[in-house]
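K.L.:
here are the coordinates; sequence isn't available:
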């Protein structure tokens, strides 16, 4: 069943016959007859029956009239939307707390400016929980950390985060052995990829802290670190927007621990029109960040 067949069918109904429909559409009568027969063949039922010299709709044809109007109206709406290049609706975005507070605000603001017709609903959670929500259909897209090795998902690489140790100003925690018997400041829950890395690193070094304190945000971890409560592992992007940065000491960790890739992940095969626009904004933001970093590096070398 094709749109041209439906257009022909509607013209025959509204004109009252094949001849009049041919005149209306500026086509040969044989062309009109062939289209109607193709439509009847695809549906498997006759749509017209002869009544004297005229045509009368069958019961099936009468049912098709209502659907024809709706289908052709939807086709017109689709053509108009595509030509305007506008997408409306809702986009459910999930992301880690660190990304929501540091990386996401700028590209999200740009997205809203470009596409005010799209409503974004933002949820924050750990990477594991975000992937679970994506699989369950609660989210349309998620920004998560580490590689996503799962055929159910499609991913687009985004930023590479650098993790650093933070403690109170003056505390020398570059040697992890100084954390023996100390306090670790971590994000609450077991689904945080950064927390898992932190704990695994210390375990491999046989460093046993006295306790772990859980917090709801990285800004809370920074405040606790600045107060001398303990040591935390956080993304440098979060540290860069911390207002009291001078109150903490910052120490690098091995590259295998420090570098964490983030990705924009969707459920494979699921199509959400607004999603393409969001991914474009995130890619543009990544390109701008890389250009800014190159300029900053070049300025430092001169």
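P.N.:
That came through, no problem. Computed from a prediction, not measured in an experiment: that's the story for all the values here.

K.L.:
would you map the helices across the chain?
P.N.:
Ranges of helices within the chain are 3-15, 18-25, 29-43, 59-84, 97-101, 105-114, 127-136, 193-204, 218-226, 236-239, 255-258, 273-301, based on DSSP state H.

K.L.:
and these as a markdown table, adding mean pLDDT?
P.N.:
Converted to a markdown table, these look like this (pLDDT from 0 to 100):
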| stretch | mean pLDDT |
| --- | --- |
| helix 3-15 | 86 |
| helix 18-25 | 86 |
| helix 29-43 | 89 |
| helix 59-84 | 77 |
| helix 97-101 | 92 |
| helix 105-114 | 90 |
| helix 127-136 | 90 |
| helix 193-204 | 90 |
| helix 218-226 | 94 |
| helix 236-239 | 94 |
| helix 255-258 | 90 |
| helix 273-301 | 77 |
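
K.L.:
do you know which of those lies nearest residue 164?
P.N.:
Among the helices of the chain, helix 236-239 comes nearest to residue 164, with 5.3 Å by CB to CB. The way it works is simple: take the backbone N, C-alpha and C, and place the C-beta from them, glycine included.

K.L.:
tell me the contacts of residue 215?
P.N.:
Applying CB atoms under 8 Å, 6 or more residues apart in numbering to residue 215 gives the contacts 185, 186, 187, 188, 221, 224.

K.L.:
how about 6 Å then?
P.N.:
Applying CB atoms under 6 Å, 6 or more residues apart in numbering to residue 215 gives the contacts residue 221.

K.L.:
so it bridges to which residues?
P.N.:
Following DSSP bridges, residue 215 is listed with bridge partners residue 187.

K.L.:
pLDDT score for it?
P.N.:
At residue 215, the predicted lDDT confidence score is 94.

K.L.:
residue 154 now?
P.N.:
pLDDT at residue 154 comes out at 88.

K.L.:
and it, how many neighbours?
P.N.:
15 (other CB atoms under 10 Å).

K.L.:
relative to residue 279, how far out is it?
P.N.:
Noted for residue 154: a distance of 11 Å to residue 279, by CB to CB, to the nearest Å.

K.L.:
next one: phi and psi at the residue sitting furthest away from the middle of the chain?
P.N.:
Each residue of the chain has a distance to the centre, and by CA atoms, centre = their mean the biggest one is for residue 52: 60.6 Å. Residue 52 adopts backbone torsions of phi 70, psi -130, taken as degrees, to the nearest 10.

K.L.:
repeat that for residue 117.
P.N.:
phi -80, psi -10.

K.L.:
so what are the domain limits for this structure?
P.N.:
The chain breaks down into these domains under automatic domain parsing: 3-84, 89-158+262-301, 160-259.

K.L.:
and the end-to-end length of the last one?
P.N.:
By that I understand domain 160-259. 6 Å (CA to CA, to the nearest Å).

K.L.:
is it true that residue 22 touches residue 32?
P.N.:
Yes - the pair residue 22 / residue 32 is scored as a contact, 4.8 Å apart, by CB atoms under 6 Å.

K.L.:
who's more crowded, these two?
P.N.:
Set residue 22 next to residue 32 and count neighbours by other CB under 10 Å: residue 32 wins out with 24 against 20.
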